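In: Requesting a structural model of the entry that follows:
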Amino acid sequence: MMTDPIADMLARIRNATIARHETTRLPSSKLKQRVAGILKAEGYIENYEVDAAYPPTMTIHLKYGRGRASAIAGLKRTSRPGRRVYVNHHSVPEVYNGMGLAILSTSQGVMSGREAKQRGIGGELLCEVW
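Out: Numbering: from 1, shown residues only. All right, here's what the predicted structure looks like:
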């Protein structure tokens with residue numbers, strides 16, 4: 001049994017980018033699909049696919065630039081099962097002075113920190129990506 005599936009997802013992405021893999025596979029859930037959708041919309045990954053066969057899996061296609069430099073320089077799990085971190089819309093962090101991305105779980109769904117600020121809502125700060 002896995003206690004922190006988001007941390008597992010981020011670790012698999014981090015390990016795959018360090019090893020310069022094209023794709024990485026992981027167990028799928030609705031929360032992970034929403035996080036992957038935000039990473040795709042913000043340009044950190046190429047695409048993701050969900051295989052609905054039992055058990056459901058998700059394949060993430062990683063994005064690389066010139067010289068095989070990864071689009072993801074770093075990932076950090078902020079809120080953990082042992083220490084939840086909640087922020088209001090005034091205190092949503094700007095990761096690397098706006099060059100990074102904060103991902104929040106709010107009452108209106110999972111969204112980027114920029115979108116949460118615009119809507120004026122806060123929530124649980126899941127992770128930071130830069």
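
In: Residue 99 versus the closest residue to residue 29 other than its chain neighbours, what's the distance?
Out: Leaving aside its sequence neighbours, residue 29 sits nearest to residue 5 (CB to CB, 6 or more residues apart in numbering; 6.2 Å). (Each C-beta comes from the backbone N, C-alpha and C, glycine too.) Distance of residue 5 to residue 99, given as CB to CB, to the nearest Å: 27 Å.

In: same question, residue 56
Out: Residue 56 sits 33 Å away from residue 99, taking CB to CB as the criterion.

In: I'd assumed residue 27 was in contact with the residue nearest to residue 29.
Out: Yes: look at residue 5 against residue 27 with CB atoms under 8 Å: they come within range, at 7.2 Å.

In: quick one on the thing from earlier: neighbour-wise, which of residue 5 and residue 99 wins?
Out: Taking neighbours as other CB atoms under 10 Å, residue 5 and residue 99 compare with residue 5 leading, 14 against 9.

In: Quickly list the domain ranges of this structure.
Out: Domain assignment for the chain by automatic domain parsing gives 5-68, 75-129.

In: all strands of the chain, in order?
Out: Applying DSSP state E to the chain gives strands spanning 23-27, 45-51, 57-62, 75-77, 86-87, 101-106, 109-112, 123-129.

In: Reformat those into a markdown table and put mean neighbour count, mean pLDDT and distance to residue 37 next to each item.
Out: Formatted as a markdown table, the strands of the chain follow (neighbours: other CB atoms under 10 Å; pLDDT from 0 to 100; distance: least, CB to CB, whole Å):
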| stretch | mean neighbour count | mean pLDDT | distance to residue 37 |
| --- | --- | --- | --- |
| strand 23-27 | 16 | 98 | 15 |
| strand 45-51 | 16 | 97 | 7 |
| strand 57-62 | 18 | 98 | 11 |
| strand 75-77 | 17 | 97 | 16 |
| strand 86-87 | 15 | 98 | 21 |
| strand 101-106 | 22 | 97 | 10 |
| strand 109-112 | 18 | 97 | 8 |
| strand 123-129 | 21 | 98 | 13 |
